[in-house]
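Asks: Sequence first, then the predicted structure, then my questions.
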Amino acid sequence: MKRFIDNIEEYIAVVLMALLIFLCFIQVIFRFLLNMPLGWTEELANFTFITLVYIGSCIAVKRSRHVRVEIIDSFIPEKYEKVYKNIVDFICMVFVAIVAYNSVPFIARAMEYHERTAALRWKIWIVYSIIPVTMGIMCLRYIQNIYGRCRDKKGDGRV
């Protein structure tokens, strides 16, 4: 069970990628072979892709593989490397926490106005909720990385 929870982002990403491929395939079949485009598949594919991007960001944080300027790493002495990486992770964690916190009023406003998606007629706040959820997961992964780096002698931070 621990292994499943540790890799939950990867499992979600696989399911989302399979769903995205399926939706795009269905859209191509209906649009070009049957000449009957389906609006809902396009909208669902967009939402799936956006969610996949955010889940991919969670995976990148977990693996300490986020995009960054690595030239600075070559100038940091080895004895300060763990401290430097922890500071960078802490700054990134604060950033994603701010994004998550500031997205909540946006979602509340969408709930207040009862907005819905165009084709699927889903409540838009459900779609918008992927932002604070994934940002919260990223915060947890940053905490795991910092904790792992403090506890680990190697200093790579992966738990």
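Replies: Nice, thanks for sending it over. Residues are numbered from 1 along each chain as shown.
Asks: Just give me the longest helix of this protein.
Replies: In the chain, taking DSSP state H as the definition, the longest helix is helix 81-112.
Asks: Quick check: phi and psi on residue 122?
Replies: phi -80, psi 150 (degrees, to the nearest 10).
Asks: for residue 24, helix, strand, or coil?
Replies: What DSSP: H, G, I helix; E, B strand; the rest coil gives for residue 24 is helix.
Asks: my guess is it meets residue 45, correct?
Replies: Yes: assessed by Cβ atoms under 8 Å, residue 24 is found in contact with residue 45 at 5.8 Å. Just so you know, the C-beta spots here come from the backbone N, C-alpha and C atoms, and that holds for glycine as well.
Asks: Compare neighbour counts for these two and give me the winner.
Replies: Using other Cβ atoms under 10 Å as the criterion, residue 24 and residue 45 rank with residue 45 on top: 18 against 15.
Asks: ok, residue 89 touching residue 146?
Replies: Yes: look at residue 89 against residue 146 with Cβ under 8 Å: they come within range, at 5.3 Å.
Asks: And for the strand or helix carrying residue 49, what's in contact with it?
Replies: Using DSSP states H and E, residue 49 sits in helix 39-62. When contacts are defined by Cβ atoms under 8 Å, 6 or more residues apart in numbering, helix 39-62 is touched by residues 9-10, 12-13, 16-17, 19-20, 23-24, 26-27, 30, 66-67, 92, 117-120, 127, 130-131, 134, 137-138, 141-142, 144-145, 158.
Asks: now the angle between helix 81-112 and it, please.
Replies: Between the axes of helix 39-62 and helix 81-112, defined by axes from the mean of the first three to the mean of the last three Cα atoms, to 10 degrees, the angle is 150 degrees.
Asks: Run a quick neighbour tally on residue 113.
Replies: Neighbours of residue 113 using other Cβ under 10 Å come to 10.
Asks: what about residue 26, how many neighbours?
Replies: By other Cβ under 10 Å, 15 other residues sit near residue 26.
Asks: backbone phi and psi for residue 120, please?
Replies: The phi/psi pair for residue 120 (degrees, to the nearest 10) reads phi -80, psi -20.
Asks: Contacts only, for it.
Replies: Taking Cβ under 8 Å, 6+ apart, one finds 40, 43, 44 in contact with residue 120.
Asks: Is it correct that residue 119 falls within a strand?
Replies: No: assigned with three-state DSSP, residue 119 falls outside any strand and is coil.
Asks: name the helices or strands packed onto the helix or strand harbouring residue 146?
Replies: If you go by DSSP H and E, residue 146 is part of helix 130-151. Identification of packing neighbours for helix 130-151 by 3 or more Cβ pairs under 8 Å, 6 or more residues apart in numbering; DSSP states H and E yields helix 39-62, helix 81-112.
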